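# Predicted structure and sequence below. I'll ask about it afterward.
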Amino acid sequence: METIHHFVDGAAMPCESGRSHPVFNPATGEQTAQVGLAGVDEVDAAVASSAAAFEEWRHTSLAARTKLMHGFRNLVEANAAEIAARLTAEHGKVPSDALGEVARGLENIEFACGLGDLLKGSYNSQASGGIDVYTVRQPLGVVAGITPFNFPAMVPLWMIPNAVACGNTFVLKPSERDPSAPLLVAELFFEAGFPPGVLNVVNGDKVAVDRLLTHPEVAAVSFVGSTPIARYVYETGTSAGKRVQALAGAKNHMVVLPDADLDLAADAAVSAAYGSAGERCMAVSVVVAVGDAGDPLVDAIRVRMDKLRIGPGDDPDSEMGPLITREHRDRVAGYVGIGADEGATVVMDGREAVFDSDGFFLGVSLLDNVTPDMTVYRDEIFGPVLCVVRSDTYHEAVDLIEQNPWGNGAAIFTRDGGAARQFQLDADAGMVGINVPIPVPVGCHSFGGWKNSLFGDTHMYGPEGIHFFTKAKAITTRWPDPADSAVDLGFPRNR
Ligand code: NAD
């Protein structure tokens with residue numbers, strides 16, 4: 001069986017800890033590889049390599065960095081199909097989702113290609129007589145990224161391009177459940193010509209994460225994952241004096257007003273709730289049907305669910321693949337029963353779907369008449385289970401979002417411009433969609449939620465990513481009085 005290694009100093013580094021984690025093909029249920037889980041020594045080796053590389057990398061010219069970044073961008077684009085194939089093989093997502101993931105990752109490399117512009121700083125001439133003041137942004141040093149299983153290529157690309165563009169060196173600890181796609185991304189990074197050590201990858205679990213969180217040479221940690229681990233990473237990393245941004249779980253609401261185009265809303269609900277088997281932090285988990293929208297909307301969603309084709313990602317007919325592991329599939333399936341026991345109406349029960357495979361498949365479920373006290377409303381299910389909450393008014397819908405402990409994304413479907421504008425102001429979430437169910441910002445904006453969806457104050461990628469990966473230095477300069485100059489400057493101009 002293949003063993004997946006670390007990638008340190010531009011080459012594969014075998015795992016010495018003696019510990020490993022199985023990697024599955026979720027569509028067949030078979031173990032396809034094992035990944036080594038780093039011990040403290042291996043993490044230390046990766047950090048040492050990145051620390052050594054930092055000294056030269058931080059002084060590499062912006063022109064040289066930009067050129068390398070363009071080369072990396074081109075290699076990722078040229079190898080998109082191979083990256084996507086690895087995503088399908090270990091995560092299970094269908095090719096359209098996998099290629100979409102690569103495309104969203106590419107956006108972030110393209111943003112970082114503008115590093116000359118992004119790192120310009122700011123300048124005040126004549127802040128006082130003969131005094132100029134300017135601010136430059138400098139790299140932090142070695143920074144670490146810890147990423148989740150659900151976007152194994154894209155989330156590392158939310159971090160790496162901006163971090164290295166700013167002059168940092170990077171240690172990535174990807175999810176142990178699907179490590180092959182991020183390793184390929186790291187190989188392409190080196191093929192593009194970046195020096196060894198600028199990016200290292202250590203595979204691992206809590207042992208590796210804990211070492212990164214307390215390692216004295218790691219200056220900052222960028223994390224994406226579930227809420228309990230994000231809280232832990234934030235608290236541990238900041239206690240060790242590090243800068244930390246920790247993006248966390250979600251329960252995203254999609255409000256549908258009675259005047260909405262219900263076909264558009266139903267299409268959006270189905271693709272946003274069940275795409276990638278619901279394993280997206282921006283998935284719609286709750287549809288809030290306002291007033292008369294409820295019955296026709298539930299009917300329209302139900303009709304579309306019947307047509308959804310679920311199967312292995314390597315079957316071109318599949319629109320939704322399996323879940324990541326057998327345990328996660330069973331946990332998600334359990335929520336359908338919990339919802340029924342607590343009084344929700346089971347419109348469609350995904351547990352009844354039959355699959356001719358040992359893969360981790362589950363059919364799609366729709367629970368209607370869900371109320372905020374139910375477990376299915378309170379927990380992040382992270383699977384293909386959509387809840388519908390009925391609400392009498394727009395205000396009730398907005399209150400629900402406000403009272404929910406998470407605040408990643410929120411969307412509204414309406415034809416009314418005034419209602420849409422009001423929702424932009426009212427929605428208590430970091431990312432808002434107007435007739436867009438998954439409002440993931442493009443690479444030149446930043447991604448992040450509010451409340452329990454983000455620990456820290458800086459969103460990921462885009463301008464806030466540049467801010468996170470740099471520290472500001474303000475420089476104040478005093479110049480001699482021009483009248484004292486040995487050259488006749490023709491005064492009193494510009495004194
Ligand atoms: P997870 O929290 O289990 O794992 C994330 C990372 O933390 C992995 O690298 C993992 O190895 C590590 N980890 C796991 N347990 C740990 C522990 N006890 N101590 C230290 N490190 C640990 O998350 P996941 O299951 O891989 O991903 C799904 C979760 O991520 C969902 O909750 C989803 O909402 C969230 N997510 C959020 C965003 C966002 O931008 N807000 C994006 C993607 C995923």
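On my side now, so go ahead.
# Up against the ligand, what does the chain have?
146-151, 173, 175-176, 205-206, 209, 224-226, 229, 247-250, 281, 380, 382, 408, 449, 453 (Cβ under 6 Å from any ligand atom). In short, each C-beta sits where N, CA and C put it, glycine included.
# Flag the shaky bits of the stretch 151-300 of the chain, pLDDT-wise.
Counting by pLDDT under 70, the stretch 151-300 of the chain shows no low-confidence range.
# Can you check the pLDDT for Pro492?
Looking at Pro492, its pLDDT is 60.
# Quick one: residues contacting the nearest residue to Thr28 once chain neighbours are set aside.
Excluding its sequence neighbours, the residue lying closest to Thr28 (Cβ to Cβ, 6 or more residues apart in numbering) is Gly359, at 5.4 Å. Gly359 is in contact with 25-29, 92, 312, 322, counting by Cβ atoms under 8 Å, 6 or more residues apart in numbering.
# As JSON lines, those with secondary structure, pLDDT and neighbour count would be great.
Below are those laid out as JSON lines (DSSP: H, G, I helix; E, B strand; the rest coil; pLDDT from 0 to 100; neighbours: other Cβ atoms under 10 Å):
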{"residue": "Asn25", "secondary structure": "strand", "pLDDT": "98", "neighbour count": "21"}
{"residue": "Pro26", "secondary structure": "coil", "pLDDT": "98", "neighbour count": "28"}
{"residue": "Ala27", "secondary structure": "coil", "pLDDT": "98", "neighbour count": "25"}
{"residue": "Thr28", "secondary structure": "coil", "pLDDT": "98", "neighbour count": "16"}
{"residue": "Gly29", "secondary structure": "coil", "pLDDT": "98", "neighbour count": "16"}
{"residue": "Gly92", "secondary structure": "coil", "pLDDT": "98", "neighbour count": "30"}
{"residue": "Pro312", "secondary structure": "coil", "pLDDT": "97", "neighbour count": "20"}
{"residue": "Pro322", "secondary structure": "coil", "pLDDT": "98", "neighbour count": "29"}
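# and the residue nearest to Thr28, how far is that from Gly321?
Using Cβ to Cβ, to the nearest Å, one gets 8 Å for the distance from Gly359 to Gly321.
# can you list residues touching both of those two?
Residues touching both Gly359 and Gly321 (Cβ under 8 Å, 6+ apart) are 26-27, 92, 312.
# and Asp295, how many residues sit next to it?
11 (other Cβ atoms under 10 Å).
# do you know how far it is from Arg302?
11 Å.
# Same question for Asn203.
The gap separating Asn203 from Arg302 is 42 Å, by Cβ to Cβ.
# who has more neighbours, the two?
Between Asn203 and Arg302, counted using other Cβ under 10 Å, the more crowded position is Asn203 (27 against 15).
# Please report how far that one lies from Ala186.
From Asn203 over to Ala186 (counting by Cβ to Cβ), the distance is 11 Å.
# Grab the nearest non-local neighbour of the residue nearest the centre of the chain.
Centroid-nearest residue in the chain: Val155, 4.4 Å away (criterion: Cα atoms, centre = their mean). Excluding the flanking residues, the one nearest Val155 by Cβ to Cβ, 6+ apart is Thr147, at 4.4 Å.
# again, but for Ser271
The shortest distance from Ser271 to any non-neighbouring residue, by Cβ to Cβ, 6+ apart, is to Pro437 (7.1 Å).
# Assign a three-state SS to the one you found, would you?
Secondary structure state of Pro437, per DSSP: H, G, I helix; E, B strand; the rest coil, is coil.
# Find the nearest non-adjacent residue to Gly456, please.
Take Gly456 and drop its neighbours on the chain: the residue closest to it by Cβ to Cβ, 6+ apart is Gln245, 4.2 Å away.
# Just the CA atoms of the one helix or strand the one you found maps to, as PDB, please.
Gln245 is part of strand 243-247, with elements assigned from DSSP states H and E. These are the backbone C-alpha positions of strand 243-247, laid out as PDB (Å, rounded to 0.1, in the frame of the first residue of the first chain):
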ATOM      1  CA  ARG A 243      -1.000  35.900  15.300                       C
ATOM      2  CA  VAL A 244      -3.900  33.600  14.600                       C
ATOM      3  CA  GLN A 245      -6.900  33.600  12.200                       C
ATOM      4  CA  ALA A 246      -9.100  30.600  12.700                       C
ATOM      5  CA  LEU A 247     -12.100  30.200  10.400                       C
END
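# Can you name the next helix or strand after that strand?
strand 252-256.
# Give me the residues contacting the helix or strand just after that following strand.
The element immediately downstream of strand 252-256 (helix or strand, assigned by DSSP H and E) is helix 262-274. For helix 262-274, the surrounding residues in contact (Cβ under 8 Å, 6+ apart) are 254, 256, 282-285, 287, 293, 296-297, 300-301, 303-305, 308, 320, 364, 384, 386, 411, 413, 435-438.
# what do you get if the cut-off is 6 Å, keeping everything else the same?
Outside helix 262-274, the residues that touch it by Cβ atoms under 6 Å, 6 or more residues apart in numbering are 256, 284, 287, 296-297, 300-301, 304, 320, 364, 384, 386, 413, 437-438.
# Kindly report the same for stretch 275-283.
93, 97, 150, 250, 320-321, 323, 382-384, 408-409, 438, 440.
# one more time with 7 Å, if that's ok
For stretch 275-283, contacts defined as Cβ atoms under 7 Å, 6 or more residues apart in numbering pick out 93, 97, 150, 249-250, 252, 272-273, 320-324, 382-385, 408-409, 438, 440.
# And for stretch 401-410?
The contact list for stretch 401-410, computed with Cβ under 7 Å, 6+ apart, reads 249-253, 281-282, 427-433, 438-439, 449-453.
# If we use 8 Å, what do you get?
Against stretch 401-410 from outside (Cβ under 8 Å, 6+ apart): 227, 248-255, 281-282, 288, 372, 380, 423, 427-433, 438-440, 449-453.
# any idea whether Val332 is helix, strand or coil?
Classification of Val332 using three-state DSSP returns helix.
# What sits closest to it if chain neighbours are left out?
Gly383 (3.0 Å).
# now the one you found, what's its secondary structure?
Quick answer, by three-state DSSP: Gly383 is coil.
# pretty sure it is touching Asp330, no?
No: counting by Cβ atoms under 8 Å, Gly383 does not reach Asp330; the two are 10.2 Å apart.
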